[in-house]
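Q: Kindly return the folded structure for what I paste below:
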Amino acid sequence: MKDNSPQIKAFPQYKKTRLGKLYVSWVMLNLYPQRTILILAAFFVATVAEGLGLLSILPLVEVMNQTASGSDSKVAAAFTSVFDFLGIRLCLSTILTALVLLIFLKAIISWAAMCYVGKVKADITSELRNALISSSLSAKWSFFISRSVAKLVNAVSVESIGAINVYANSIRMIADLLKVLVLIWLAFYVDPKLVLVALIVGGAMLFFLDYFLEISRRAGKRIVALMQSVTSVMADALQGIKPLKAMNSERCLLPVLSDGVKKIKHSMFKQVVAQETIRHAHEPVVVLIAAIVMYVAISFFSVPVAQLIVLIILFSRIIIGINTAQLCFQKVLASEHYYWSVADFINSASDEKEIYHGNAAPTLKNNIRLQNVCFSYGPKEVLTDISIDIPSFSFTALVGQSGSGKTTLVDLLCGLYLADSGDILIDGVSIHDVDMKKWRTSIGYVPQDLSYFHDSIMQNVGLGDPAITLESVERALSAAGAWEFVSELPDGMRTVIGERGVRLSGGQRQRISIARALVRKPKLLILDEATTALDKETEKGILGTLRDLTDEVTIIAISHQSVLLDLADKIFRLHNGSITEVK
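A: Model prediction:
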């Protein structure tokens with residue numbers, strides 16, 4: 001069978017020896033390297049346009065003072081040369097026109113670049129979520145046993161958003177650093193001595209603010225861990241909220257959840273304090289550096305007023321760029337733990353991906369034979385030397401005390417686990433040689449813990465499979481004994497059954513679940529304690545309906561119910577890992 005499942009990208013893990021704190025930024029930017037280069041090139045062009053626009057202030061001031069023609073200013077001389085080359089006279093109107101056009105060009109390019117950043121963000125978010133879902137659905141059954149469902153939900157809904165923020169903020173950070181470098185280069189062109197003074201003072205200020213960056217990073221890491229914990233507890237609690245409320249035990253959840261919420265609040269407050277300290281330190285830092293530069297320029301270097309004005313504007317823009325880059329870096333550090341969590345989940349699931357080796361088309365015309373099957377969960381042996389024959393087109397019951405291995409045996413039949421030793425033969429073909437996807441497609445499974453979607457009966461039976469038609473759903477509902485009540489509903493198969501099927505009775509939900517198992521015309525139907533929670537009359541009606549299907553399907557049922565035992569063609573009892581035939 002051709003594997004049409006989507007390819008899952010491996011997301012790199014954190015490595016302290018590679019780029020340190022910027023490793024996650026490096027990884028995210030390399031997801032789409034060509035797009036990233038295009039975006040940064042656009043920001044570079046926009047920054048050059050902005051810088052030239054700012055420099056045009058110098059010849060503008062000198063033209064206004066009518067000194068440009070004899071000025072010693074390199075900037076004014078450069079503008080004069082360019083305008084002469086273009087055949088344009090350097091005057092007030094032409095300089096103002098150039099200034100406006102350059103700033104407009106900068107704004108348009110920056111706008112287009114940020115819109116493109118939004119598109120790339122959407123692409124990466126989609127890729128992350130698809131990788132989360134695909135890797136999870138492709139993993140072995142043992143992966144789900146060891147993971148919380150809430151972890152996946154939280155990763156798809158919350159952590160993927162946090163992870164993608166790393167990309168957006170990394171782009172902004174690099175764009176701002178490019179801006180700073182371009183403006184510094186232009187400032188050097190005006191007066192290199194003052195630029196060195198400004199860089200020394202500014203560097204000292206940034207070194208001081210780095211302390212608050214580390215506080216923000218640690219707080220972000222703590223928030224991610226706490227959110228996972230609270231989400232997991234809340235999801236588990238809501239799944240079983242009915243018995244908790246019935247016993248007035250929901251109040252016991254409050255201390256656990258409140259403690260987690262309180263810790264999240266504390267970490268968020270620390271993060272906000274660090275972020276706001278850096279943000280509000282910007283203005284006094286700019287003023288301080290400007291004051292120092294002006295004092296040095298006037299007292300020691302005798303810089304002309306026009307050049308000093310341009311330098312002050314450039315320095316303010318440089319400090320704004322550094323401050324913005326630092327804020328973006330802070331946000332990267334605060335969000336990087338979301339990436340690590342998402343990448344760890346994807347790679348863990350990918351490491352446990354199911355690998356299929358068989359390619360034989362499965363049939364079930366004769367029997368299923370277990371030969372000396374043994375299976376253990378770690379050191380605990382669950383099944384020991386199991387050998388039985390299950391005839392095709394029969395109703396077989398598996399009974400035994402809880403924990404005796406009944407469900408484990410069924411899991412082995414489904415290929416969810418592989419036996420430690422021995423073999424399972426399906427019409428004489430080893431389960432290892434059977435095409436596992438085709439084999440599972442031929443299985444209908446009805447569990448004890450039923451799952452339903454807040455959707456129509458049609459969707460709950462067909463599970464959104466485009467190959468399943470209304471007619472096939474109706475036939476499955478009829479075979480499960482459900483069509484009578486479904487046809488009487490106001491919207492028929494399009495009736496929405498509510499969260500977990502609350503709008504239907506227990507028996508009706510059970511029949512819908514059986515119809516879901518039958519709609520694909522399975523060769524093997526497995527009932528795992530499927531009728532335990534029903535009253536005897538409802539159970540008898542459902543099992544009687546299923547008994548009539550054994551001309552077309554092989555049924556294996558796990559149950560202790562007397563009705564099922566009376567209907568079964570064969571009964572096997574499991575005890576302490578061994579099995580005996582009762583009937």
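Q: what stretches of the stretch 351-500 of the chain score poorly on pLDDT?
A: 449-450, 499-500 (pLDDT under 70).
Q: which residues of it fall in helices?
A: 406-413, 436-441, 457-462, 470-479, 483-487 (DSSP state H, counting those that start in this stretch).
Q: Kindly reformat these as TSV containing distance to residue 351 and mean neighbour count.
A: (C-beta placed from N, C-alpha, C; glycine too.) Formatted as TSV, the helices of the stretch 351-500 of the chain follow (distance: least, C-beta to C-beta, whole Å; neighbours: other C-beta atoms under 10 Å):
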stretch	distance to residue 351	mean neighbour count
helix 406-413	21	21
helix 436-441	19	18
helix 457-462	32	23
helix 470-479	37	18
helix 483-487	43	16
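Q: Go through those helices and name the closest to residue 576.
A: helix 406-413 (12.7 Å; C-beta to C-beta).
Q: Domains in this structure, by residue range?
A: Using automatic domain parsing, the domain parsing of the chain gives 20-351, 367-581.
Q: Identify the residues contacting the residue nearest to residue 356 when sequence neighbours are not counted.
A: Excluding its sequence neighbours, the residue lying closest to residue 356 (C-beta to C-beta, 6 or more residues apart in numbering) is residue 436, at 4.6 Å. Listed by C-beta atoms under 8 Å, 6 or more residues apart in numbering, the contact set of residue 436 reads 354, 356, 358, 415.
Q: just checking, the first one touches residue 138?
A: Read that as residue 354. Yes: applying C-beta atoms under 8 Å, one finds residue 354 in contact with residue 138, separated by 6.4 Å.
Q: quick one on the thing from earlier: mind checking the helices of the stretch 351-500 of the chain for the one nearest to residue 493?
A: Of all these, helix 457-462 sits nearest to residue 493, with 4.4 Å by C-beta to C-beta.
Q: Next, residue 82: secondary structure please.
A: helix (DSSP: H, G, I helix; E, B strand; the rest coil).
Q: Could you tell me how far it is located from residue 88?
A: Separation of residue 82 from residue 88 (C-beta to C-beta, to the nearest Å): 9 Å.
Q: what's next to stretch 367-377, contact-wise?
A: 381-392, 405, 408-409, 412-413, 417, 419-428, 524, 554.
Q: can you check stretch 546-559 too?
A: Stretch 546-559 has contacts (C-beta under 8 Å, 6+ apart) with 364, 368, 390-399, 406-407, 410, 413, 444, 479, 514, 518, 521-532, 564-565, 567-569.
Q: Same list (the helices of the stretch 351-500 of the chain) but as CSV, adding distance to residue 134.
A: Formatted as CSV, the helices of the stretch 351-500 of the chain follow (distance: least, C-beta to C-beta, whole Å):
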stretch, distance to residue 134
helix 406-413, 23
helix 436-441, 15
helix 457-462, 21
helix 470-479, 27
helix 483-487, 33
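Q: Which parts of stretch 106-123 count as buried, going by neighbours?
A: For stretch 106-123, the neighbour count (16 or more other C-beta atoms under 10 Å) marks 106, 109, 110, 113, 114, 117, 120, 121 as buried.
Q: Rebuild these as a markdown table, extending it with pLDDT, distance to residue 170 and secondary structure.
A: A markdown table is the format used below for the buried residues of stretch 106-123 (pLDDT from 0 to 100; distance: C-beta to C-beta, whole Å; DSSP: H, G, I helix; E, B strand; the rest coil):
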| residue | pLDDT | distance to residue 170 | secondary structure |
| --- | --- | --- | --- |
| 106 | 85 | 21 | helix |
| 109 | 89 | 19 | helix |
| 110 | 85 | 17 | helix |
| 113 | 87 | 14 | helix |
| 114 | 85 | 14 | helix |
| 117 | 85 | 10 | helix |
| 120 | 85 | 11 | helix |
| 121 | 82 | 11 | helix |
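Q: where are the low-confidence patches of the stretch 51-200 of the chain?
A: Where the stretch 51-200 of the chain drops to pLDDT under 70, the residues are 58, 60-76, 148-150, 194-195, 197-199.
Q: What segments of it are helices?
A: 57-64, 74-85, 92-137, 141-145, 149-154, 160-190, 192-239.
Q: Looks like residue 151 contacts residue 344 (just checking).
A: No: applying C-beta under 8 Å as the test, residue 151 and residue 344 come out as separate, 10.2 Å apart.
Q: more crowded one of these two?
A: Legend: neighbour count by other C-beta atoms under 10 Å for residue 151 and residue 344, higher for residue 151 (17 against 14).
Q: Give me the neighbour count for residue 559.
A: So residue 559, with other C-beta under 10 Å, has 22 neighbours.
Q: before we move on, what about residue 564?
A: With other C-beta under 10 Å as criterion, residue 564 counts 25.
Q: Please identify the helix or strand for it.
A: helix 562-567 (DSSP states H and E).
Q: one step back: so among the contacts of stretch 367-377, which ones count as buried?
A: 382-384, 386, 388, 390, 392, 405, 408-409, 412-413, 417, 419, 422, 424-427, 524, 554.
Q: Let me see the contact set for residue 383.
A: 373, 374, 375, 405, 408, 409, 412, 419, 574, 577.
Q: farthest pair in the residues you listed?
A: Longest span within the contacts of residue 383, C-beta to C-beta: 419 and 574, 15.0 Å.
Q: Make a markdown table out of the buried residues of stretch 106-123 and add distance to residue 97.
A: Below are the buried residues of stretch 106-123 laid out as a markdown table (distance: C-beta to C-beta, whole Å):
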| residue | distance to residue 97 |
| --- | --- |
| 106 | 15 |
| 109 | 19 |
| 110 | 20 |
| 113 | 24 |
| 114 | 26 |
| 117 | 30 |
| 120 | 35 |
| 121 | 36 |
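Q: what residues are up against residue 56?
A: Residue 56 neighbours (C-beta under 8 Å, 6+ apart): 79, 95, 98, 99, 102.
Q: since we're on the last one, how many residues are nearby?
A: It refers to residue 102. 20.
Q: same check, this time on residue 515
A: Each residue near residue 515 was counted by other C-beta under 10 Å, and the total is 27.
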